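Colleague: sequence and computational prediction follow.
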Amino acid sequence: MSQTGPSDLRPKARLGRNGGVALICGAVIVGMVGAAYASVPLYRAFCQVTGYGGTVRKAETKPATVLDQTLEIHFDTNVRGLPWDFASEQTSQTVKIGETSVATFKVTNHADHPVTARAVFNVSPDQAAVYFRKLSCFCFSDQTVAAGATVEMPVLYFIDPKYAQDFETKNGKVVTLSYTFFPATDVKPQTATAAATPRRAG
């Protein structure tokens, strides 16, 4: 009858330990990925409140003061993985600081079916993002465009008068607002066509 010595148990014990380590590593990776996805809405909300990373801040009301100082606002448009043409109707606008302005963008869907997408945006230089305030915008919400349709998407915005007091921005004359549309991959087919569709361009 054969006997099993300590040396015969080492490979099995090592295999058991390695399997345990692999399970722990796998659990850590899954947890990190889940945390990353969960942090996206929080990070986006943080950026919108603070203007961090060139993200435009939200505003509820327009400022009471309009300065006799102008800025040139440039508009940049991009699409990623979409059968869309996306462009601004104006390449730039000259606006007074504190003045409420409207910039209009157009999207044309070249697909033979409705397509839903979301836009993200940023402002450069980053320091200007704190003072670039939007009253209404199509960003961060689903935009469904019917097959072959062209729609208009307006943005109502202003530059906070505090821009002219900040030593990092007061000498700046040009600000760029950039939008990029991405496919809304988490939208289910049955809800995509029911999403709010921007008005058709006249």
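Modeller: Ah, there it is.
Colleague: from here on, contacts and neighbour counts on C-alpha atoms
Modeller: OK.
Colleague: ok, Asn171 to Thr104 distance?
Modeller: 27 Å (CA to CA, to the nearest Å).
Colleague: hmm, I typed the wrong one, I wanted Glu152.
Modeller: Distance from Glu152 to Thr104, by CA to CA: 7 Å.
Colleague: compare these two (neighbour count), which wins?
Modeller: Glu152 (18 against 13; other CA atoms under 10 Å).
Colleague: touching, the more buried one and Lys106? I think so.
Modeller: Yes. With contact defined as CA atoms under 8 Å, Glu152 reaches Lys106; the gap is 4.6 Å.
Colleague: so Ala129, which of the three states?
Modeller: Using DSSP: H, G, I helix; E, B strand; the rest coil, the secondary structure recorded for Ala129 is helix.
Colleague: and Phe132, bridged to which residues?
Modeller: Ile159 (DSSP bridges).
Colleague: distance-wise, check it relative to Ser178.
Modeller: 12 Å.
Colleague: can you check which residues contact both of these two?
Modeller: Taking CA atoms under 8 Å, 6 or more residues apart in numbering as the contact rule, Phe132 and Ser178 both touch Val123.
Colleague: among the helices and strands of this structure, which has the poorest mean pLDDT?
Modeller: helix 189-192 (a mean of 36; mean pLDDT, DSSP states H and E).
Colleague: how close does Leu177 sit to Gln143?
Modeller: Leu177 sits at a distance of 19 Å from Gln143 (criterion: CA to CA).
Colleague: thank you kindly, that will do.
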